[in-house]
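**Q** next input, structure requested:
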Amino acid sequence: MKRFLLYILGVFLLTVLVAIILDGLYTYVFMQSRNRGKIETVFNSTAKKYDVVILGSSRANNHFVSQMFEDKGLKTFNYGMSGGHLFEASLMLKLMIERKYEIKNVILEADLNLSNDQESEGVATKFLPYIHHSEVIKDHFSTEKNFNELYYIPFYRYVKFDSKIGFREIYKIVSKEKNNTLDNLGYYPLEKHKNGNMKNNIVNLNPLPHNKYYEEIKDICKKNGINFIAVMTPMCENVVGINYFDKVKKAYPEIHNYENTVIENKYFSSCGHMTDEGARLFTARIIKDFF
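**A** Down below sits the predicted model:
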């Protein structure tokens, strides 16, 4: 029995040792990555200076044409993340401040994403390789129910989220495989598709009366002398429940409502996302009104 227990103990210790080594190896690789995505690019960067930083979900990523700001002499990057919530937008801004970024203006897409204050697992996961190397990332995740497992169990986060930060992503980083996330200064243009969904129904969607992460972003901007510009972005003319944007305006009167700036379906790839042509019309209006 004693020999058996010693064997079990040895297997356990070996497993822990292997997990620690693999955790360190994976983390090291991620800390060398600078061209795979927006999160690792910010984490692995030194202090940068921007006139305009754009934050939000795909409705930021696809709607603000960074080059149009640049053409006006405004150093700009679109850090909108498709699938992201305000949880990730807030953490991205915190990470920039931790990295000593100097930012004059933050444009935040705040509309549909005000309806929840949960993390978007598919996007939030990409911050996890750095959880032991950034206090703001650690603190941001500390209230999540699975924080202890993610933080204290070596290699657990890489196994649990293998599809996002596992071996395949490690291979792509090592092989220096690029993607289009950082192209066009972070802006991702969309085309018109004949099968695009043009019938969104948001009747049952309601903004939270106090979205924790929206308030965090606003507070970070205030503390760091950053001009905060929150806007609602357009949806197609067929959307059902368009009074959602009136609800947002009532709950957050400081948010500028640009929902009806572009409405014709011909300017939309899907009901919630404009084509490049629509995005350019919208961006021109934002530049005109604020810059």
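**Q** name the helix or strand for Ile107, please.
**A** strand 102-109 (DSSP states H and E).
**Q** same check, this time on Lys222
**A** Here Lys222 is assigned to helix 212-223, by DSSP H and E.
**Q** please tell me how far the spatially most central residue of the chain sits from Glu119.
**A** Central residue of the chain (Cα atoms, centre = their mean): Met81, 3.8 Å from the mean position. Applying Cβ to Cβ, to the nearest Å, the value for Met81 to Glu119 is 12 Å. C-beta coordinates here come from the backbone N, C-alpha and C atoms, glycine included.
**Q** avg pLDDT for the longest helix seen in the chain?
**A** The residue-count maximum for a helix in the chain (DSSP state H) belongs to helix 2-30. Averaging pLDDT along helix 2-30 gives 85.
**Q** now the helix holding Lys222, how far from the centre of its chain.
**A** 15 Å (Cα atoms, centre = their mean, to the nearest Å).
**Q** other SSEs contacting the lowest-mean-pLDDT helix or strand in the chain?
**A** Ranking every helix and strand in the chain by mean pLDDT, DSSP states H and E puts helix 2-30 at the bottom, with a mean of 85. Secondary-structure packing of helix 2-30 (3 or more Cβ pairs under 8 Å, 6 or more residues apart in numbering; DSSP states H and E): helix 156-160, helix 167-174.
**Q** that one: which residues count as buried?
**A** Ala19, Asp23, Tyr26, Thr27, Phe30 (16 or more other Cβ atoms under 10 Å).
**Q** got the contact list for the fourth one?
**A** When contacts are counted by Cβ atoms under 8 Å, 6 or more residues apart in numbering, Thr27 touches Pro129, Tyr130, His132, His133.
**Q** closest one of those to Asn148?
**A** If you rank those by distance to Asn148 using Cβ to Cβ, His132 comes first, at 13.5 Å.
**Q** what is the burial count for the closest one?
**A** Using other Cβ atoms under 10 Å, the number of residues around His132 comes to 13.
**Q** now the one 3 residues further on
**A** Applying other Cβ under 10 Å, we find 10 other residues in the vicinity of Glu135.
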